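Asker: Sequence plus the predicted model coming up.
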Amino acid sequence: MLRPTYRLRALSAAIGVSALILAVSALSNARAGTATSWTSKNHASTRLIADATPWQNKKKTLVAGIHIKLDKGWKTYWRYPGDSGLPPRFDWSGSSNLKSAKVLWPAPKRYLDSAGTSIGYKTEVVFPVLIEPVKADQPIDLKLKMEFAVCADICIPAEADLQLKVGRDSFFSSNYAPLLTRFLQRVPEKKAPGINTGLSVSHTKAQLTGKAPYLTIDARFPKGFKGADLFIEGPEGFYLAPAKPVGKPGKGMIRFNVDLTQGDDPKDLKGKTVTLTLVSHDAQAETTWHIE
């Protein structure tokens with residue numbers, strides 16, 4: 001039997017893709033706008049924005065943002081959508097003077113619906129994108145082709161075709177730095193395995209054989225449990241059921257369990273690395289776990 005994610009992909013192929021299309025030609029001078037106009041269709045509005053924004057080392061970095069607003073009751077998905085849905089896909093290959101475009105993922109939330117557990121965003125999300133030019137003294141012509149899904153009781157596959165020219169002086173014609181910073185602050189901090197101070201993983205256990213195989217993760221939330229959650233991603237192409245909190249929290253920790261009877265063959269996890277993302281209202285962190 002196909003899992004919900006695969007059923008949705010099959011449905012998308014059968015009915016075709018409902019498109020959200022925006023093609024904007026920005027001005028060619030140095031004061032080109034720092035945002036496209038909004039395009040609204042199928043319960044979602046989409047645009048590209050850009051500004052110079054502090055990131056990590058507190059120096060201003062050139063940051064674009066894929067800004068999506070959703071109608072009430074609708075959601076879109078994180079890079080791991082959970083039991084159902086489609087993760088967004090980003091294609092920058094049509095861009096000019098673009099050396100790199102690194103999409104960052106703000107911390108998502110867990111939602112329960114008829115298809116099970118989905119992981120993503122409601123109301124609004126900005127995916128920050130760290131962009132770097134090939135030639136620093138010339139504008140970047142950003143061209144993005146994006147595939148994503150918007151879902152309520154039904155899911156609608158969607159596309160966005162966005163174009164924005166980002167010049168040296170354009171960041172100050174309109175100030176999008178506060179909006180970009182708000183979502184940059186929700187991008188999980190990467191931590192090396194074994195670091196168990198602050199928001200972190202304190203203990204893991206893997207049982208890959210037997211009638212009830214499972215993964216267990218003890219996560220530390222030192223600032224409190226408001227909004228506390230954990231998301232686990234398997235190796236590429238490997239389906240893992242969403243982690244679920246079990247038992248009562250104690251001493252600043254919550255235990256999460258992954259039922260391996262619901263996913264792919266758990267024995268294939270031996271020797272592989274999974275990604276653990278911890279989120280709360282106060283902080284976010286991302287680490288990895290190499291399963292022996």
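Answerer: That came through fine.
Asker: any idea which element the closest residue to Leu112 other than its chain neighbours lies in?
Answerer: Computed as Cβ to Cβ, 6 or more residues apart in numbering, the closest residue to Leu112 that is not its neighbour in sequence is Ser118, at 7.9 Å. (Each C-beta comes from the backbone N, C-alpha and C, glycine too.) When secondary structure is defined by DSSP states H and E, Ser118 falls within strand 116-122.
Asker: about what we covered before: isn't the residue nearest to Leu112 up against Leu86?
Answerer: No - contact status for Ser118 versus Leu86: not in contact, 10.5 Å apart, counting by Cβ atoms under 8 Å.
Asker: okay, these two: which has more neighbours?
Answerer: Summary of the neighbour comparison: Ser118 and Leu86, criterion other Cβ atoms under 10 Å, with Ser118 having more neighbours (25 against 20).
Asker: any weak-confidence spans in the stretch 51-200 of the chain?
Answerer: Applying pLDDT under 70 to the stretch 51-200 of the chain picks out residues 168-174.
Asker: Next one: Gln56 relative to Leu260, how far apart?
Answerer: Gln56 sits 35 Å away from Leu260, going by Cβ to Cβ, to the nearest Å.
Asker: Between the two, which has more neighbouring residues?
Answerer: A count of neighbours by other Cβ under 10 Å puts Leu260 above the other of Gln56 and Leu260, at 22 against 10.
Asker: Does that one touch Lys211 like I think?
Answerer: No - between Leu260 and Lys211 there is no contact under Cβ under 8 Å: 10.8 Å.
Asker: What segments of the protein are helices?
Answerer: Using DSSP state H, the helices found in the chain span residues 4-15, 177-184.
Asker: Go ahead and produce PDB holding the CA coordinates of the last one.
Answerer: Provided in PDB are the C-alpha atoms of helix 177-184 (Å, rounded to 0.1, in the frame of the first residue of the first chain):
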ATOM      1  CA  ALA A 177      15.400  43.200   7.000                       C
ATOM      2  CA  PRO A 178      13.000  42.900  10.000                       C
ATOM      3  CA  LEU A 179      10.900  40.300   8.200                       C
ATOM      4  CA  LEU A 180      13.900  38.300   7.100                       C
ATOM      5  CA  THR A 181      15.500  38.500  10.500                       C
ATOM      6  CA  ARG A 182      12.300  37.300  12.200                       C
ATOM      7  CA  PHE A 183      12.400  34.100  10.200                       C
ATOM      8  CA  LEU A 184      16.200  33.800  10.300                       C
END
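Asker: hey, what's Arg89 bridged with?
Answerer: Beta bridges link Arg89 to Glu147 when assigned by DSSP bridges.
Asker: domain ranges for the protein?
Answerer: With domains defined by automatic domain parsing, the chain comprises 4-184, 189-290.
Asker: Can you report how many residues neighbour the nearest residue to Leu130 once chain neighbours are set aside?
Answerer: The spatial neighbour of Leu130 that comes closest, neighbours along the chain excluded (Cβ to Cβ, 6+ apart), is Lys102 at 4.4 Å. Lys102 has 10 neighbours, counted by other Cβ under 10 Å.
Asker: I figured Lys102 was touching Val129, is that so?
Answerer: Yes - between Lys102 and Val129 a contact is recorded at 6.6 Å, counting by Cβ under 8 Å.
Asker: Which residue is the nearest non-sequential neighbour of Val246?
Answerer: Nearest non-adjacent residue to Val246 (Cβ to Cβ, 6+ apart): Asn257, at 4.7 Å.
Asker: Could you list which residues are in contact with that neighbour?
Answerer: Neighbouring residues of Asn257 by Cβ atoms under 8 Å, 6 or more residues apart in numbering: Tyr214, Leu215, Thr216, Ile217, Ala243, Lys244, Pro245, Val246.
Asker: now do Asp264
Answerer: Applying Cβ under 8 Å, 6+ apart, the residues near Asp264 are Gly234, Phe238, Tyr239, Leu240.
Asker: how does it look with 6 Å?
Answerer: Contact analysis of Asp264 by Cβ atoms under 6 Å, 6 or more residues apart in numbering lists Phe238, Tyr239.
Asker: tell me the pLDDT at it?
Answerer: Asp264 carries a pLDDT score of 93 in this model.
Asker: And Lys270, by the same measure?
Answerer: Residue-level confidence at Lys270 comes out at 97, pLDDT.
Asker: Would you mind measuring from it to Cys151?
Answerer: With distances taken as Cβ to Cβ, Lys270 is found 34 Å from Cys151.
Asker: Could you do Gly198 as well?
Answerer: Separation of Gly198 from Cys151 (Cβ to Cβ): 34 Å.
Asker: Which of the two has more residues huddled nearby?
Answerer: Neighbour totals were compared for Gly198 and Cys151, and Cys151 leads with 25 against 14 (other Cβ under 10 Å).
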